[in-house]
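S.K.: sequence and predicted structure below; questions after.
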Amino acid sequence: MNNPGTVQLQRWMNEVITTQGNMQFKLQKAGSLYHLDINDVVAETRDVSIYSRMHVYTSGYVMRLFECLSADFPVLQKFMGEEVFTHFANASLMWSPSTSYSLYDLGSTFIRFLEATRPKHIDENDEQSIYLDLPIEIARAERARSESLRAKGLEELAGSQSEISPEDILFSAHELAVSTPECLRLVQLSFPVKQLFEQLHHDEPYEVPYPLPTYLAVSRMNYRPSMLEINDWQYEFLVACQTPQPLTDAINQASAATNIPSATILAEMCIWLPILQSGGFVHIATSGIAGLFG
Amino acid sequence: MNDKITSRLGLPDLGLGVGLRNKHFHHLLNNPPQVDWFEIISENYMDDYGFVRHVLHHVRQQVPVVMHGVSMSIGSTDPLNMEYLKKLKTLAEEIEPMWVSDHLCWTGVMGINTHDLLPMPLTYESLKHVADRVDQVQNYLKRPLILENPSSYLEFKASEMPEWEFLASLAKTTGCGLLLDVNNVFVSAHNHGFDAEHYIRNIPAEHVVQMHIAGPTDYGALLVDTHDQPVPHKVWQLYKLAHELTGGVSTLLEWDANIPEYDELVAELFKAKKVLKGDMGLPEVPIQATDTLPVSNPVHFQLEAQYE
């Protein structure tokens, strides 16, 4: 036969590495697709079998990427247990191989895999559904946390932001402008996972929560992650803040979305806005909207 | 005219460096780097604007940095990933590295990235293919690309030349630089049964910009490139030879798994000083063996890093 070209050789080896199954099946599938036999492709040198040589690449592929997923989801791994996590992580790698230059993108594929392979015909009231849905929600919270740690934060502005006081909010709200940093993540979950997440993270005893629609805000300050479970008007306020605007406008937007009077939200802000500011959830400018960009 | 400078594509000998790894971030924020320079894994910093970026800027203010990539896939028969190259260029403009390097390999085709450094069929066809792509990348980045010889575990029957000849031709054709990983030469020489010294003697020394040293793992009949242990004596011997042939180039110790504390890492690197003085009286360091197949070609994934 003619020597195969680079295109054919690479497609064959790519197929052998990424196909699920044992070596025999991998070689069979790649062979049928690209009309190559390992004996015609891999040189025999020394006393090492060509199958052992290929095995370094096929097993290395799974082990390397598994290590990355394991590093990205330590909390989920604690909840699932190592054996179950390994099973799902390896299945995810075979379900959808990486198409990104970045190993970090494996994590988002993993969550899509968990969502796509969840059994569909389980009664929501069945306790079994908790154990099917909760890992997905933990994974989403964990992904939000790591995304927040990698995005642009407010650290460069530290020192230039003055702490906001209740008086500022009550008497000068019209002069305040708000925005959110790139590192803010807002997640809608079907479980209140924050406490469970922190207990798992710190290897503390935990109780499995019952389903409850929950909003989670994740951000960071001084490179430290922060996580808040928030209610609907707080969620709507942070959504509004994603477009830089005067504080009063953001409050009105949250009010319109939740039917809670703006005055009530403004009063709540006296306590809540300083918490948001210190946790890196919002950026506040005291000199109006232009101050956000100064 | 300084022949040494022009023979290195205008790139200086930076001295002795180590990889910037998150295990040492807190140490480096509070202590001087001790080393002459750092190498970063480009992909770990491209999209990360958190603590790792903060540490990178901190060390960059003190010493030079080199960007070393694992996903350019210069040998792939897929089209070049322009999104990747754009991000690489953007990071280079921000960090101002001394140079940008990657590997003579392909990482996947048909849109897939295996995140491994897969071996090239060493043919005249693939040589032309890679040379064309190196030209494209160098024109795009507006700087020479430095390519590393990977460790490998199989060779293609279709290959028409040894790796050193492929790299030499590639360097001479494109003007690219070479990152000579003497540990990878040692690993591949063992795995394929060629003479490591012969390989190094046939690499065009005037194109070698940088060297890597590391420790592999003995997996029965094969050595596996694991970067997880001290540099073995035989690799130091090859390093000494390469140093003599090149006249001395920037040297980096790779250690990417079971990473020691920073002081221990630097002590391992500084063994190179003794070797460079001709003192090979280093203690014999055996290559650790394992019955379990270790992960080859570690891709240096950064675990989550945050300020503590």
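M.R.: Okay, I see it. Numbers count the residues shown, from 1 in each chain, chains lettered A, B, ... in the order given.

S.K.: can you tell me the centre-most residue of chain A?
M.R.: With distances taken as CA atoms, centre = their mean, residue A:143 lies nearest the centre of chain A, 1.9 Å away.

S.K.: quick one: contacts for that one?
M.R.: Contact analysis of residue A:143 by CB atoms under 8 Å, 6 or more residues apart in numbering or on different chains lists A:72, A:73, A:107, A:108, A:111. Placement of C-beta: from N, CA and C, glycine included.

S.K.: what about the third one, which helix or strand?
M.R.: Using DSSP states H and E, residue A:107 maps to helix A:106-116.

S.K.: now render the contacts of residue A:143 as JSON lines, adding distance to chain B and pLDDT.
M.R.: Formatted as JSON lines, the contacts of residue A:143 follow (distance: CB to the nearest CB, whole Å; pLDDT from 0 to 100):
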{"residue": "A:72", "distance to chain B": "7", "pLDDT": "93"}
{"residue": "A:73", "distance to chain B": "10", "pLDDT": "95"}
{"residue": "A:107", "distance to chain B": "11", "pLDDT": "95"}
{"residue": "A:108", "distance to chain B": "12", "pLDDT": "95"}
{"residue": "A:111", "distance to chain B": "16", "pLDDT": "97"}
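
S.K.: got any ranges where the stretch 1-150 of chain B has weak pLDDT?
M.R.: Counting by pLDDT under 70, the stretch 1-150 of chain B has low-confidence residues at B:1-7.

S.K.: repeat the analysis, applying 80 as the threshold.
M.R.: Along the stretch 1-150 of chain B, segments meeting pLDDT under 80 span B:1-8.

S.K.: what segments of it are strands?
M.R.: For the stretch 1-150 of chain B, the strands defined by DSSP state E, counting those that start in this stretch cover B:16-19, B:37-41, B:65-68, B:100-103, B:145-148.

S.K.: picking up where we left off before, can you select the buried ones from the contacts of residue A:143 in PyMOL?
M.R.: Buried subset of those, written as a PyMOL selection, criterion 16 or more other CB atoms under 10 Å in any protein chain shown:
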select buried, chain A and resi 72+73+107+111
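
S.K.: report the two of the contacts of residue A:143 separated the most.
M.R.: When CB to CB is used, the two most widely separated members of the contacts of residue A:143 are A:73 and A:108, lying 11.5 Å apart.

S.K.: find the helix or strand that residue A:187 is a member of.
M.R.: Using DSSP H and E, residue A:187 maps to strand A:185-189.

S.K.: do that strand and chain B meet?
M.R.: No - Strand A:185-189 stays clear of chain B (CB under 8 Å from any CB of the partner chain), getting no nearer than 12.9 Å.

S.K.: what residues of that strand count as buried?
M.R.: Applying 16+ other CB under 10 Å to strand A:185-189 flags A:185, A:186, A:187, A:189 as buried.

S.K.: what's the answer for stretch B:157-168, then?
M.R.: Using 16+ other CB under 10 Å as the test for burial, stretch B:157-168 gives B:157, B:158, B:159, B:162, B:163, B:164, B:166, B:167, B:168.

S.K.: check stretch A:169-187 too.
M.R.: Buried-residue list, stretch A:169-187, by 16+ other CB under 10 Å: A:169, A:176, A:177, A:178, A:179, A:180, A:181, A:183, A:184, A:185, A:186, A:187.

S.K.: same question for stretch A:94-101.
M.R.: Going by neighbour count (16+ other CB under 10 Å), the buried part of stretch A:94-101 is A:97, A:98, A:100, A:101.

S.K.: list just the nearest of the residues you listed to residue A:206.
M.R.: Using CB to CB, the buried residues of stretch A:94-101 come closest to residue A:206 at residue A:98, 32.2 Å.

S.K.: count of neighbours near the residue nearest to the closest one when sequence neighbours are not counted?
M.R.: Of all residues not flanking residue A:98 in the chain, residue B:113 sits nearest, at 4.6 Å (CB to CB, 6 or more residues apart in numbering or on different chains). A count of nearby residues for residue B:113, using other CB atoms under 10 Å in any protein chain shown, gives 27.

S.K.: residue B:113 and residue A:147, how far apart?
M.R.: Going from residue B:113 to residue A:147 by CB to CB, to the nearest Å gives 20 Å.

S.K.: now do the strands in the stretch 151-300 of chain B.
M.R.: Under DSSP E, counting those that start in this stretch, the stretch 151-300 of chain B gives strands at B:177-181, B:208-213, B:217-219, B:222-224, B:250-253.

S.K.: which helices and strands does the longest one pack with?
M.R.: Using 3 or more CB pairs under 8 Å, 6 or more residues apart in numbering or on different chains; DSSP states H and E as the contact criterion, the neighbours of strand B:208-213 among helices and strands are strand B:145-148, strand B:177-181, helix B:182-192, helix B:233-246, strand B:250-253.

S.K.: now these as a markdown table including distance to residue B:77 and mean neighbour count?
M.R.: Shown next, in a markdown table, are the helices and strands packed on strand B:208-213 (distance: least, CB to CB, whole Å; neighbours: other CB atoms under 10 Å in any protein chain shown):
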| stretch | distance to residue B:77 | mean neighbour count |
| --- | --- | --- |
| strand B:145-148 | 17 | 24 |
| strand B:177-181 | 23 | 26 |
| helix B:182-192 | 22 | 25 |
| helix B:233-246 | 31 | 19 |
| strand B:250-253 | 30 | 26 |
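
S.K.: tell me which of these lies nearest to residue B:79.
M.R.: Distance to residue B:79, taken as CB to CB, is lowest for strand B:145-148 among the helices and strands packed on strand B:208-213, at 17.0 Å.

S.K.: how about the nearest residue to residue A:5, chain neighbours excluded?
M.R.: In space, residue A:5 is closest to residue B:125, 6.0 Å off (CB to CB, 6+ apart).

S.K.: how many neighbours does the one you found have?
M.R.: Neighbour count for residue B:125, taken as other CB under 10 Å: 14.

S.K.: counting neighbours, what do you get for the residue of the stretch 151-294 of chain A found nearest chain B?
M.R.: The minimum distance from the stretch 151-294 of chain A to chain B, using CB to the nearest CB, falls at residue A:223 (3.6 Å). By other CB under 10 Å, 20 other residues sit near residue A:223.

S.K.: next: the one 5 residues further on.
M.R.: Residue A:228 sits with 17 neighbouring residues when counted by other CB under 10 Å.

S.K.: how about the closest residue to it other than its chain neighbours, secondary structure?
M.R.: Nearest residue to residue A:228 in three dimensions, chain neighbours excluded: residue A:217, at 4.6 Å (CB to CB, 6+ apart). Classification of residue A:217 using DSSP: H, G, I helix; E, B strand; the rest coil returns strand.

S.K.: now swap in residue A:204 and tell me
M.R.: Residue A:204 - assigned by three-state DSSP - is coil.

S.K.: look up how far residue A:163 lies from it.
M.R.: Noted for residue A:204: a distance of 32 Å to residue A:163, by CB to CB.

S.K.: ok, now residue A:187?
M.R.: For residue A:187, the distance to residue A:163 - CB to CB - is 27 Å.

S.K.: excluding its backbone neighbours, what's nearest residue A:174?
M.R.: Per CB to CB, 6+ apart, closest to residue A:174 is residue A:248, 5.8 Å.

S.K.: for whichever strand or helix holds the one you found, which residues meet the burial criterion?
M.R.: Using DSSP H and E, residue A:248 sits in helix A:247-258. Using 16+ other CB under 10 Å as the test for burial, helix A:247-258 gives A:247, A:248, A:249, A:250, A:251, A:252, A:253, A:254, A:255, A:258.
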